[in-house]
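In: what follows is a predicted protein model with its sequence.
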Amino acid sequence: MTATGDRLSLDELCVDTIRTLSMDAVQKANSGHPGTPMALAPLAYVLFTRTMRHNPRDPKWPDRDRFVLSCGHASMLLYSSLYLSGYDLTLEDLENFRQLHSKTPGHPEHGEVPGVEVTTGPLGQGISHSVGMALAERMLAARFNRGDHEIVDHHTYFIASDGDLEEGISGEASSLAGHLGLGRLIGFYDNNHISIEGNTSLAFSEDVAGRYEAYGWHVQNLGEDIALENLEAALANAQSVTDKPSIIIVRTHIAFGAPNKQDTAGAHGSPLGADEILATKKAYGWPSEEPFYVPQAALEHFRRAVDRGAAYQDDWDERFALYRAAYPELADEYESMIEGRLPEGWDANVPQFEVSHGEVATRKASQQVIQWAAAAVPSLVGGSADLAPSTLTLIDGSDSVEPGAYSGRNLHFGIREHAMGAVVNGLNLHYFRAFGSTFLTFSDYMKGSIRLAALMKLPSIFVYTHDSIGLGEDGPTHQPIEHLAALRALPNISVIRPADANETALAWRHAIASKDHPCALVFSRQNLPTMNPSGIPHDAVERGAYVVADSFKEGADPDLILISTGSEVFIAIEAAGLLEADGIATRVVSMPCEDHFAAQDAAYRDSILPPSVRARVSVEAAATFGWHRWVGDLGEVIGMEGFGASAPAAALYKYFGFTPERVAETGHAVVTRINERS
């Protein structure tokens, strides 16, 4: 056999190794998606062995190329490629595919598997997070590269399916990527014609190439001609286009080579079956019927990625050493960002607002706090979904990020809330401390991305203003009701609704300091009084709740506890004055973060909400779901039982019963009821 023939034979062996490992793992798990990994094996092989600059022995090397499998159901494609390339996965890990506590879950999970850059599962999320990562690369390059000293110089690659492109989030993100001209973003669209229900023609017939050209992408359509050299050449062409993201369309065949299941929906989400696997291996000319058989020649060829990756990284280390010598301060800042370190003493002077400042909306206070935070934390960047004049999130004195100009800190996501959430996550995955903002009611559009941030333990910051019926005349379509409860229901997220400007400053401090969870900061449109900062503990947000006011003697229990958040805290304070005048000793508790309070030890919780005091009333201009946990079976919850209405805020608060008088009346009734039972 000629040298060329030997190489072609080895290439085919390597591609088929990905295929056989994928079908065997799905079969052993009796669950999963074998067909797509079999179809996409040539793409993965070219990326991991010929195109990408990556180091399997150091998956966190900062200047590595990123790869995102947006069609996360094809996870065995990624796991097989990672194992074969030399990442910290074993053959046993592949054999434990989809099993409890395995390193190979059903969909790729960031932080659980070395080499998995982002958690993908919900379709469209992978490509959208890729946009954020590619944007981060350009922003880092603009910030740190100097002349011939290019320490940021990598690409982001993704593979997407028809399902990814059908989901609306991918359209939002792709539109933004095209607008920004993210030339280091390169993806494949796998046009395999198959979905769970059957042929994609049942519901999908658009011109994908035309669509992406309209977005401003560089488009190549290889059709069925996906010989390895053609894939490699197409990738090289895409790399040469530096002012546009690129998409390469390929027509693959699901379950490639399976005699009876190729191009069938049955191969999409179910094991092939033992007989079909044997028949497929025979069709490949596979040398063994043994499950999980890996030819030594294929493994050795794949593992060349280890030495190649080490050489890539060694070269970068040398370049970074020269960079450090020339730009020591920039090098220190770069390393701090890579390591996720905040500047020493960055939060030494958290802004404080005095009572004399008068009434200020917490969104307005947030605007001031952002300026302090941006000055103290260079990695802080962010923007809004076309609402900066309302959410007040612009960083003063900083440029906007625009096509070809990436050195700014102000991002403009356009009216693309869902993509904004994913792009913010991508930026946070890529060393920035990033936030995105919109009205609270539009958090619905972002829910999938927020959930992934919580799953990935990302410190993404989601800023929401217009937090209640207090936004007024825009009416029930814009007035959030159930949104606080929905966000609080998510695990591993801090939902913080500050009562005043000082709580707002503490909320931002917590969000920026967070390392392993996202934060949702929820601010008011309407002006609110400013509390005395000396009465707010420095750890009020971390503790989740604290006592704002007591109207009884020290050492005695109150007759009644009023618990509230945000703008309603001041209604509770006024109600306490009315109750005290009637001889009812009342405690007012501000609870800016319910989850943080729930996480405190029993001693602290009992110090704020003494178990002996069963007379409790909660006040929040939102859905009542979840509040009974704190008021108990004898307390009362004052909240929204339906949607809002269009009217000025003051009229709405009166109409829906968020007044000191109504709270005091309810408190009276609760105390009376409990006394009668005593």
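Out: Looks like it arrived, so ask away.
In: which residues touch the spatially most central residue of the chain?
Out: The residue lying closest to the centre of the chain (Cα atoms, centre = their mean) is A453, at 3.1 Å. Going by Cβ atoms under 8 Å, 6 or more residues apart in numbering, A453 touches 421, 424-425, 428, 460, 462, 493, 518. Where C-beta positions appear, they are placed from N, C-alpha and C, glycine not excepted.
In: tell me which of those residues is nearest to V355?
Out: F462 (29.8 Å; Cβ to Cβ).
In: so what's the closest one scoring on pLDDT?
Out: Per-residue confidence for F462 comes out at a pLDDT of 98.
In: tell me which element A134 is part of?
Out: Assessed by DSSP states H and E, A134 sits inside helix 125-144.
In: re the thing from before, help me confirm that the residue nearest to the centre of the chain is found in a helix?
Out: Yes - the assignment for A453 (DSSP: H, G, I helix; E, B strand; the rest coil) places it in a helix.
In: was I right to think F442 contacts S384?
Out: No - look at F442 against S384 with Cβ atoms under 8 Å: they stay out of range, at 10.5 Å.
In: between the two, tell me which one has more neighbours.
Out: S384 (27 against 20; other Cβ atoms under 10 Å).
In: excluding covalently adjacent residues, which one is nearest to that one?
Out: Once flanking residues are discounted, S384 sits nearest to S437: 4.2 Å by Cβ to Cβ, 6 or more residues apart in numbering.
In: report how many residues lie close to the nearest residue to R251 once chain neighbours are set aside.
Out: In space, and not counting its chain neighbours, R251 is closest to E224: 4.6 Å by Cβ to Cβ, 6+ apart. Neighbourhood size, E224 [other Cβ under 10 Å]: 10.
In: pLDDT wise, what is E224 at?
Out: So, for E224, pLDDT stands at 96.
In: need the phi and psi values for it.
Out: phi -90, psi 0 (degrees, to the nearest 10).
In: ok, now H218?
Out: phi -80, psi 130.
In: that one touches S246, doesn't it?
Out: Yes - counting by Cβ under 8 Å, H218 does reach S246; the two are 4.3 Å apart.
In: quick one: L84 from A134, how far?
Out: 26 Å (Cβ to Cβ, to the nearest Å).
In: ok, back up a step: which members of the contacts of A453 are classed as buried?
Out: Neighbour-count burial (16 or more other Cβ atoms under 10 Å) applied to the contacts of A453 gives 421, 424-425, 428, 460, 462, 493, 518.
In: of the residues you listed, just say which sits nearest to P592.
Out: Nearest member of these to P592, counting by Cβ to Cβ, is I493, at 14.1 Å.
In: settle this for me: that closest one is touching A454, isn't it.
Out: Yes - the criterion here is Cβ under 8 Å, and I493 meets it with A454 at 4.7 Å.
In: anything in contact with each of those two?
Out: Shared contacts of I493 and A454, counting by Cβ under 8 Å, 6+ apart, come down to 517-518.
In: next step: the contacts of A453 restricted to helices.
Out: 421, 424-425, 428 (DSSP state H).
In: mind putting the residues you listed into JSON lines with distance to A311 and pLDDT?
Out: Shown next, in JSON lines, are the ones in helices among the contacts of A453 (distance: Cβ to Cβ, whole Å; pLDDT from 0 to 100):
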{"residue": "G421", "distance to A311": "38", "pLDDT": "98"}
{"residue": "V424", "distance to A311": "34", "pLDDT": "98"}
{"residue": "N425", "distance to A311": "31", "pLDDT": "98"}
{"residue": "N428", "distance to A311": "30", "pLDDT": "98"}
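In: let me have these in CSV, adding distance to P498 as columns.
Out: Converted to CSV, those look like this (distance: Cβ to Cβ, whole Å):
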residue, distance to P498
G421, 21
V424, 21
N425, 24
N428, 22
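In: just for this protein, where's the confidence low?
Out: The model of the chain has pLDDT under 70 over residues 1-8, 553.
In: rerun at 50
Out: Applying pLDDT under 50 to the chain flags the ranges 1-5, 7.
In: from S607, how far out is the nearest residue to S551 once chain neighbours are set aside?
Out: Closest residue in space to S551, ignoring its immediate chain neighbours: E580 at 4.1 Å, by Cβ to Cβ, 6+ apart. Separation of E580 from S607 (Cβ to Cβ): 21 Å.
In: more neighbours, these two?
Out: E580 (18 against 12).
In: okay, buried residues for whichever strand or helix holds that one please.
Out: Using DSSP H and E, the element containing E580 is helix 568-581. Buried residues in helix 568-581, counting neighbours by 16+ other Cβ under 10 Å, are found at 568-576, 578-580.
In: could you dump those residues to JSON lines with distance to D307?
Out: Shown next, in JSON lines, are the buried residues of helix 568-581 (distance: Cβ to Cβ, whole Å):
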{"residue": "E568", "distance to D307": "63"}
{"residue": "V569", "distance to D307": "62"}
{"residue": "F570", "distance to D307": "65"}
{"residue": "I571", "distance to D307": "67"}
{"residue": "A572", "distance to D307": "66"}
{"residue": "I573", "distance to D307": "68"}
{"residue": "E574", "distance to D307": "72"}
{"residue": "A575", "distance to D307": "71"}
{"residue": "A576", "distance to D307": "71"}
{"residue": "L578", "distance to D307": "77"}
{"residue": "L579", "distance to D307": "75"}
{"residue": "E580", "distance to D307": "76"}
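In: for Y327, state which of the residues you listed is nearest.
Out: V569 (48.3 Å).
In: what sits against the spatially closest residue to the closest one that is not a sequence neighbour?
Out: Closest residue to V569 apart from its sequence neighbours, by Cβ to Cβ, 6+ apart: A499 at 3.8 Å. Contacts for A499 (Cβ under 8 Å, 6+ apart) come out as 362, 528, 531, 548, 564-567, 569-570, 590, 592.
In: quick check, S31 in contact with R98.
Out: Yes - in this structure, S31 is within contact of R98 by Cβ under 8 Å, at 5.3 Å.
In: so which of these two has more stuff around it?
Out: Neighbours per residue, other Cβ under 10 Å: of S31 and R98, the larger number sits with R98, 18 against 15.
In: where does that one sit: helix, strand or coil?
Out: Quick answer, by three-state DSSP: R98 is coil.
In: not counting sequence-adjacent ones, nearest residue to it?
Out: Per Cβ to Cβ, 6+ apart, closest to R98 is A29, 4.2 Å.
In: from S102, how far off is that neighbour?
Out: 9 Å.
In: again, but for P245
Out: In terms of Cβ to Cβ, P245 sits 34 Å off from S102.
In: contacts only, for the residue lying closest to M133 once chain neighbours are set aside.
Out: Distances taken as Cβ to Cβ, 6+ apart place G426 nearest to M133, at 4.3 Å, with adjacent residues excluded. By Cβ under 8 Å, 6+ apart, the contact list for G426 reads 118, 128-136.
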